[in-house]
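*Asks:* I would like the atomic coordinates for the input below:
(one chain, ligands or ions: 1)
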Amino acid sequence: MTTINMDKLITDYPLVQDLIDLKQVTWFNPKVTTTEAGLPYVGLTLKDVEDAQARLARFAPYLMKAFPETQETQGIIESEVVAIDAMKAALEKRYNTPITGKILLKKDSHLPISGSIKARGGIYEVLTHAEKLALKAGLLSTTDNYDILFSDKFRQFFSQYSIAVGSTGNLGMSIGIMSAKLGFSVSVHMSSDARQWKKDKLRAHGVNVVEYEQDYSIAVEEGRKEAEKNANCFFIDDENSTTLFLGYAVAGLRLKTQFAEQGIVVDNNHPLFVYLPCGVGGGPGGVAFGLKLAFGDAVHCLFAEPTHSPCMLLGVHTGLHDAICVQEIGIDNVTAADGLAVGRASGFVGRAMERLIDGYYTIDDTEMYNLLGLLNQTESLKLEPSALAGMPGAIHVTQHSDYLQSKSLTAEKMANATHLVWATGGGMVPQAEMQQYLAQAKLD
Ligand SMILES: *Cc1c(COP(=O)(O)O)cnc(C)c1O
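*Replies:* Below is the predicted model:
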C-alpha cells in the first residue's frame, strides 16, 4: 500500500478535511462532460445492456417457476415507481427549502427474491454464469424455454460447480439465494456489518455463510482467496465485475419504458434527477450508466454515501480512486447503513463513470434514521437505513444554484423536474428489526 501524504492531500483538496471531520458535504464535479463525451470511457455499450436485458428475458420462464412471487411480472424482476407527495412536503418543511418539480420513489427495496437493488446485478451475474456453463455442456440452447432449468437434471449439473462472493449482506442474499436455487454450491463471505437475519436466511437456503470480524474489503479478499483454490469455483467480484454492472444498467432502459407508460416526460426541458446510495459503486454506477444511455443529458445522477464511508467521493474527488480508502484518512467505515459500509470504492466504476455523475454528497447515520421514520410516518413505507441516503438529494440540488446555473437548469426547467429517489433496500427486513430502526428516528 502506498502511503498518503495527508498534508498535501488536504492542501490540494480542502474538502477532504470536511470528510475527516465527518461533516455532511456536497460536491458537484466540475469535470463532468456531456453524455456523448463521457460514455466511451465506460468501455461498455448500449448493445451490452440490451444483451443483458435479453438474457434476463430468456430466464423469465425459469424465474416464474423457481420464484412464484415473480409471476405477477412474468418473471421479470422489476420495481414500481411511486409518488411520495406527503414525504415531499415533509422534506420541504424539515430542510426549510421548497423543492420544485415532483419527487418519486423507485422501490428496489421491494424487488422480489432478495428485497434490494442487488436483485438486479447479483442475480443477473449468477444467471449469466449458469447459462454459460449449460450452453458449453450442450445441455441448453438460447432458443429453449429456460423453464427446463427448474429440474433435478440441471440442479445435479450445477451442483458440480461452486460460487463465492464477499458482501456486506444484500449482495450475498441475492447471489446466495439464486445460486442455491439453481443447485450450485455457494459460499457467502460476510463482513462484520452484515445483519444476523441475513445470515440466518441464507443458511436456511442451504448457503455456506463465512463470517468475518473485519469489513467488506477483507470479506471480499478472503472469498477471492478461497475461490482460487478450486478450479470449479466462480468468484463474483463486486469490485470489478462488468457483468454485475450490466445487470444493474438494465434498470435504466426499463425506467424509460415505465416513465413512458406513466406519461412522465424526460427531455431537456423536463430534467430528471436521480439520487443513488453508493457503496462500492457497482449498483449506482450501473444504474446511472443505463440511465445515461436511456435519457442522455436530460438525466442528472448524484451518489449518496454515509459520512463514515465516503469512499467514492474520496476516490473521485482526489482522482486516486481505489488507491485510497477512507481508513487511510482516519475514517472508521462504521455505519448503520450496512449496504453502504465500504471503505474503498470500485476503481472500475469510479474511472468508468466519473465524467457522467454530476455530484456526490454524504449523510449522517442519524439523518438516515430520521428520514426512515419520516417516510414511514408520511407514506407508510419501510426501508433500511442505506435506502434513505438518496432522500435529501433534491434539497442539495435545489440549494446549489451555482450547479444549476452551470448546467443551464433554469427555473422554468426546474419547475418541470422529476426527482427520483432510488430506494435500494429494506423490503425484507424482519418486523422486529424494523421496529429497532424506527425507534432510532427522532421526529418532531
Ligand atoms: C449494495 C447496496 C447499495 C449500493 O450498491 P453498491 O454496488 O455497493 O454501490 C445501496 N443500498 C443498499 C441497500 C445496498 O445493499
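*Asks:* the ligand contacts on the chain?
*Replies:* 116-118, 170, 277-284, 339-340, 342, 384, 386-387, 424-425 (Cβ under 6 Å from any ligand atom). Quick note: C-beta positions are derived from backbone N, CA and C, even for glycine.
*Asks:* just the buried ones from those residues?
*Replies:* 116-118, 170, 277-284, 339-340, 342, 384, 386-387, 424-425 (16 or more other Cβ atoms under 10 Å).
*Asks:* start from the N-terminal end of the stretch 201-350 of the chain and give the strands.
*Replies:* Secondary structure of the stretch 201-350 of the chain (DSSP state E, counting those that start in this stretch): strands at 208-211, 233-236, 272-277, 299-306.
*Asks:* kindly reformat those strands as TSV containing distance to L314 and mean pLDDT.
*Replies:* Shown next, in TSV, are those (distance: least, Cβ to Cβ, whole Å; pLDDT from 0 to 100):
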stretch	distance to L314	mean pLDDT
strand 208-211	27	95
strand 233-236	25	96
strand 272-277	16	98
strand 299-306	9	98
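*Asks:* quick one, which of those gets closest to V397.
*Replies:* For V397, the closest of these is strand 272-277, at 5.7 Å, according to Cβ to Cβ.
*Asks:* packing partners of that closest one?
*Replies:* Contacts defined by 3 or more Cβ pairs under 8 Å, 6 or more residues apart in numbering; DSSP states H and E place strand 272-277 against helix 282-295, strand 299-306, helix 393-399, strand 418-423.
*Asks:* including distance to E354, could the ones you listed go into CSV?
*Replies:* Putting the helices and strands packed on strand 272-277 into CSV (distance: least, Cβ to Cβ, whole Å) gives the following:
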stretch, distance to E354
helix 282-295, 10
strand 299-306, 11
helix 393-399, 18
strand 418-423, 19
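*Asks:* of all the ones you listed, which lies closest to S191?
*Replies:* Of the helices and strands packed on strand 272-277, nearest to S191 by Cβ to Cβ is strand 299-306, at 14.5 Å.
*Asks:* need the contact list for L39.
*Replies:* Each residue near L39 by Cβ atoms under 8 Å, 6 or more residues apart in numbering is listed here: 292-293, 356.
*Asks:* of the residues you listed, grab the buried ones for PyMOL.
*Replies:* Burial among the contacts of L39 is assessed by 16+ other Cβ under 10 Å; the matching PyMOL selection reads:
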select buried, resi 292+293+356
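*Asks:* could the contacts of L39 go into a markdown table alongside pLDDT and distance to N269?
*Replies:* Shown next, in a markdown table, are these (pLDDT from 0 to 100; distance: Cβ to Cβ, whole Å):
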| residue | pLDDT | distance to N269 |
| --- | --- | --- |
| K292 | 98 | 18 |
| L293 | 98 | 20 |
| L356 | 98 | 21 |
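*Asks:* closest to V186 out of the contacts of L39?
*Replies:* For those, the nearest to V186 is L293 (31.4 Å; Cβ to Cβ).
*Asks:* please verify my assumption that the closest one contacts R254.
*Replies:* No: the criterion here is Cβ atoms under 8 Å, and L293 misses it with R254 at 11.6 Å.
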